[in-house]
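> need a structure here:
(one chain, ligands or ions: 1)
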Amino acid sequence: MHHWTKTASLVLLGVTAAFAIACGGGESGGAAAKAGTAASGRPAVTVGLKEFAIEPDKKSVPAGAISFRAQNKGTTPHELQVIKTDVAADKIPVKDGKADLTGLQVIGKTSEFAGGKTESVNVTLTAGKYLLVCNVPAHYIAGMTTAFTVE
Ligand SMILES: [Cu+2]
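Have a look, this model is predicted:
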């Protein structure tokens with residue numbers, strides 16, 4: 001059973017949204033920029049889902065309340081799962097065509113939703129390594145997995 005943390009939806013942090021932009025250059029601790037915020041006031045990460053890739057608009061965020069806005073840019077249903085693990089993005093064991101998430105900490109997930117739609121998942125993340133995964137059968141193997149860091 002999942003044990004959902006209700007505080008996630010209650011906590012309103014006065015977060016000044018200064019995000020390290022770690023996209024594309026491999027630089028760390030580089031330029032800081034005002035990030036987008038969700039309607040809830042949470043810092044937002046927009047995550048593109050398509051056949052077959054997961055493309056967040058940033059690769060790391062500060063710890064705290066985060067809203068992941070998953071945009072299905074593909075033509076088939078996808079989902080977004082936020083998993084806390086030190087396992088590398090492509091090293092989760094596969095069982096019956098899906099990533100075997102047994103023993104892994106799934107912090108939050110969207111439903112499986114259609115192409116052209118957007119779904120948000122609100123979570124509170126502590127510092128550490130995460131994976132963003134779509135676990136529709138065969139999608140993980142096809143490449144729908146990417147590393148994400150919370151600092
Ligand atoms: Cu998918």
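
> List the contacts of the residue in the chain sticking out farthest from the centre.
Computed with CA atoms, centre = their mean, the maximum C-alpha offset from the centroid of the chain is found at D96, amounting to 23.2 Å. When contacts are counted by CB atoms under 8 Å, 6 or more residues apart in numbering, D96 touches P137. In this view, the C-beta of every residue, glycine as well, is placed from N, C-alpha and C.

> Distance check, it against the ion.
16 Å (CB to the ion, to the nearest Å).

> near the ion at all, stretch 62-74?
No. Stretch 62-74 stays clear of the ion (CB under 5 Å from the ion), getting no nearer than 7.3 Å.

> Can you point out the buried residues in that stretch?
Residues of stretch 62-74 classed as buried by neighbour count (16 or more other CB atoms under 10 Å): P62, G64, A65, I66, S67, F68, R69, A70, Q71, N72, G74.

> Please compute how far that stretch lies from its chain's middle.
In terms of CA atoms, centre = their mean, to the nearest Å, the centre of stretch 62-74 is found 6 Å from the chain centre.
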